[in-house]
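Asker: Sequence unavailable; structure follows:
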């Protein structure tokens, strides 16, 4: 039996709940309200907090806390590994991810795997955009996806946001 611990973190874009064990993070999700932390592993808790603080201060921070693998199916794991290869400040399309994992006809399945990502931020699914450059779905809400991409220095978001600002 794996004992899950959890902590809440107040980020600049909302409250994050992280579930973890001695093996690493199992889940990192945005939640509507803060709760009480529960930790049997204070060292892992501190690693996670250090990572979160460092990421929000410097988008190019390299995460130290491990992910407790496996988290999904073989296909999902391939997609999530490809997502972790996208550098901060860059984005890829669903089609590009499908091609990178050797399944060029699986762009829609890549989208489904992206939507099932249990460890937001750490597995940067926010770095995947539509083939037309549009901000497509994000489990943490589109406005957070835009914020994260801006935080990381991705220039494509600024152009799209400018278009919407003109129509107000």
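Answerer: Alright, I've got the coordinates. The structure presented is a predicted model; accordingly, all values stated were derived computationally and were not measured.
Asker: residues near residue 26, how many?
Answerer: Look at residue 26: counted by other Cβ atoms under 10 Å, it has 19 neighbours. In short, each C-beta sits where N, CA and C put it, glycine included.
Asker: element containing it, please.
Answerer: In the assignment (DSSP states H and E), residue 26 maps to strand 24-31.
Asker: Then residue 102?
Answerer: Assigned by DSSP H and E, residue 102 falls within no helix or strand.
Asker: what angle separates the strand or helix carrying residue 20 from strand 24-31?
Answerer: Secondary structure assigned from DSSP H and E places residue 20 in strand 14-21. With axes from the mean of the first three to the mean of the last three Cα atoms, to 10 degrees applied, the angle from strand 14-21 to strand 24-31 works out at 160 degrees.
Asker: quick one: strands adjacent to strand 14-21?
Answerer: Partners of strand 14-21 in the sheet, by DSSP bridges, are strand 5-11 (antiparallel), strand 24-31 (antiparallel).
Asker: so of these, which one's packed in deepest?
Answerer: For those, the largest average neighbour count (mean count of other Cβ atoms under 10 Å) is found in strand 24-31, namely a mean of 18.
Asker: list the buried ones in whichever helix or strand comes after that one?
Answerer: The C-terminal neighbour of strand 24-31 among helices and strands, as given by DSSP H and E, is helix 42-57. By 16 or more other Cβ atoms under 10 Å, the buried positions in helix 42-57 come out as 44, 45, 47, 48, 51, 52, 55, 56.
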